[in-house]
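K.L.:
build me a structure from this.
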Amino acid sequence: MSDNVTRPSRRDFLKSSAAVSAGAALAGGLSIGRSAHAAGGDVIKACLIGCGGRGQGAIRNLLNVQDNIKVVAVADAFESKAKGAVKGLQGEDAYKAKVDIPDDRIFWGLDSYKKAIACGIDLVVTAAPPGLRPIHYKAAVEAGKHVFMEKPCCVDAPGFRSLMETNKLAEQKGLKVGVGLQRHHEDRYIETIKRIHDGAIGDVMFQRVYWNGGGVWVRTREQLAEQLGRTPTEMEYQVNNWYYFVWLSGDHICEQHIHNLDVANWVFNKSGDPKAAHPIEANGMGGRQVRKGKDVGQIYDHHAVEFTYADGTKVFSQCRHIPNTWSPVMEHAHGTKGDSNCCGQIDGAAKWRYKGKNVNPYDQEHVDLLKAIRSGEKYHEGWLGAVSSFTAVFGRMATYSGQVVKWDDAVAKGPDEMPKSFAWDAEPPVKPGPDGTYEHAVAVPGVYKAY
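P.N.:
Model (predicted):
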């Protein structure tokens, strides 16, 4: 793939494939992906935590699987989102037979996840803002539930440490854990990276990874006030407009660019142990050039990071939210005998093109998880989710500080971004300045301390 070709984003892919996926998989009886669902007729009961766009997308991906599944509870911070998700599912012919959510299993509020988990479910699908992911994951695993969690899985070092401890507990309990890093369930990636591991491009010298685009949605204070019928608290506003606050999203290097950084780790991961496949050092630069105003929080609009791995190999990383700029979403691995786009193309001495099937990876990741639940086989992507998520956090620590940061120090001493308490009247970690903006809270390289 040339550098001038942009792969479709997750949202673009879902828009183009949703009708085919839902209609064919459920109404037409088409088997999904590389393997049929595992045997066993007992219903798997699921709950959804986080009923925004990604949460509603994830639960539909789950329901697309040909299996005996029921969604029996939902939870969201906001009443309108929880109720809206149920109404949407119950109103679609492709899904309504798999939805059993009476009014008393629709929950809202910052502690609503606890109520959904307590509804006699088997599987938790969690897609609330990423900063809350370690809390929801821990609660689900402590309750003995299988988990599918969206990425990123943490936004700071304490969150990463929490994930790793919960991963140990999930492993001890034999629970199955899936993570929304869907490239690991996409055959063109799987086959290409296997060939890279087998030496198709020789020794990998360096990689380049990108998630550049024009930016994402903004949710204003005024819109939320209209929805609530009153003036929102600062905590309500930030949770609703979560993308723009570090404690909730981790910045767009975490929320989007994690996919590309995850592929970079994967390419270097010949051992198969995700705990070992991460950079040990990072330096970078970033800032805000076009992200201005009262509703764009404190996050950057561009990051560029140089990651160094244990053997000295480099990954050069870019992510950007600036309209009318070069906007690739891609990965490239460069080796001593050729190079690859990591998703179906190898050039050089072992030139090759992927010609196999192209399944919907957002469905396939649920196929694979449910198959493991049915069969009892070991299935634990929690390690992958934690390490790839912290790779992105690690990059942000480098761009915010302008310093060279070390992995072990970042894990041990990275700052806690979370609020001291979770309540609608509690104080979030950052508040607007006198001008109503959060410019005073934007990290300044040379001033911000990574740890």
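K.L.:
what does the domain assignment say about this protein?
P.N.:
13-182+364-381, 184-355+388-441 (automatic domain parsing).
K.L.:
for residue 375, give me phi and psi.
P.N.:
Backbone torsions of residue 375, given as degrees, to the nearest 10, read phi -90, psi -20.
K.L.:
circling back to that earlier point, let me have the domains of the chain in TSV, adding distance to residue 450 and mean pLDDT as columns.
P.N.:
(Each C-beta comes from the backbone N, C-alpha and C, glycine too.) Below are the domains of the chain laid out as TSV (distance: least, CB to CB, whole Å; pLDDT from 0 to 100):
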stretch	distance to residue 450	mean pLDDT
domain 13-182+364-381	10	88
domain 184-355+388-441	4	98
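K.L.:
apart from its chain neighbours, what residue comes closest to residue 109?
P.N.:
Closest residue to residue 109 apart from its sequence neighbours, by CB to CB, 6 or more residues apart in numbering: residue 77 at 6.7 Å.
K.L.:
go ahead and confirm that neighbour touches residue 113.
P.N.:
No - counting by CB atoms under 8 Å, residue 77 stays clear of residue 113, with 9.3 Å between them.
K.L.:
overlap of the contact sets of those two?
P.N.:
Residues within reach of residue 77 and of residue 113 at once, by CB atoms under 8 Å, 6 or more residues apart in numbering, are residue 128.
K.L.:
still on that earlier bit, out of the domains of the chain, which gets nearest to residue 447?
P.N.:
With respect to residue 447, and counting by CB to CB, the nearest of the domains of the chain is domain 184-355+388-441 at 8.6 Å.
K.L.:
return the distance of residue 211 relative to residue 71.
P.N.:
According to CB to CB, to the nearest Å, residue 211 and residue 71 sit 30 Å apart.
K.L.:
before we move on, what about residue 103?
P.N.:
Here the criterion is CB to CB. By it, residue 103 lies 15 Å from residue 71.
K.L.:
go on, residue 266?
P.N.:
31 Å.
K.L.:
stretch 181-193: how far from the chain's middle?
P.N.:
From the chain centre to the centre of stretch 181-193 is a distance of 16 Å (CA atoms, centre = their mean, to the nearest Å).
K.L.:
and for stretch 383-393?
P.N.:
Relative to the chain's own centre, stretch 383-393 is displaced by 10 Å; criterion: CA atoms, centre = their mean.
K.L.:
go on, stretch 402-409?
P.N.:
23 Å.
K.L.:
output the domains of the chain as JSON lines; include the columns distance to residue 447.
P.N.:
Listed next are the domains of the chain as JSON lines, based on distance: least, CB to CB, whole Å:
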{"stretch": "domain 13-182+364-381", "distance to residue 447": "19"}
{"stretch": "domain 184-355+388-441", "distance to residue 447": "9"}
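K.L.:
three-state assignment of residue 184?
P.N.:
Following DSSP: H, G, I helix; E, B strand; the rest coil, the label given to residue 184 is helix.
K.L.:
shouldn't it be in contact with residue 362?
P.N.:
No - using CB under 8 Å, residue 184 makes no contact with residue 362, being 11.9 Å away.
K.L.:
and residue 179, backbone torsions?
P.N.:
phi -130, psi 140.
K.L.:
host element of the nearest residue to residue 423 once chain neighbours are set aside?
P.N.:
The spatially closest residue to residue 423, leaving aside those adjacent along the chain, is residue 110, at 6.6 Å (CB to CB, 6+ apart). Here residue 110 sits in a region with no helix or strand, counting by DSSP states H and E.
K.L.:
can you map out the strands along the stretch 251-400 of the chain?
P.N.:
281-287, 302-308, 314-321, 329-335, 338-340, 345-348, 352-353 (DSSP state E, counting those that start in this stretch).
K.L.:
next one: the second one to chain centre, how far?
P.N.:
Right, strand 302-308. On the basis of CA atoms, centre = their mean, strand 302-308 sits 19 Å off its chain's mean C-alpha point.
K.L.:
do the same with the last one
P.N.:
Centroid displacement of strand 352-353 relative to its chain, using CA atoms, centre = their mean, is 29 Å.
K.L.:
where along the stretch 251-400 of the chain do the helices fall?
P.N.:
Remark: helices assigned in the stretch 251-400 of the chain by DSSP state H, counting those that start in this stretch are 252-255, 258-267, 361-375, 382-401.
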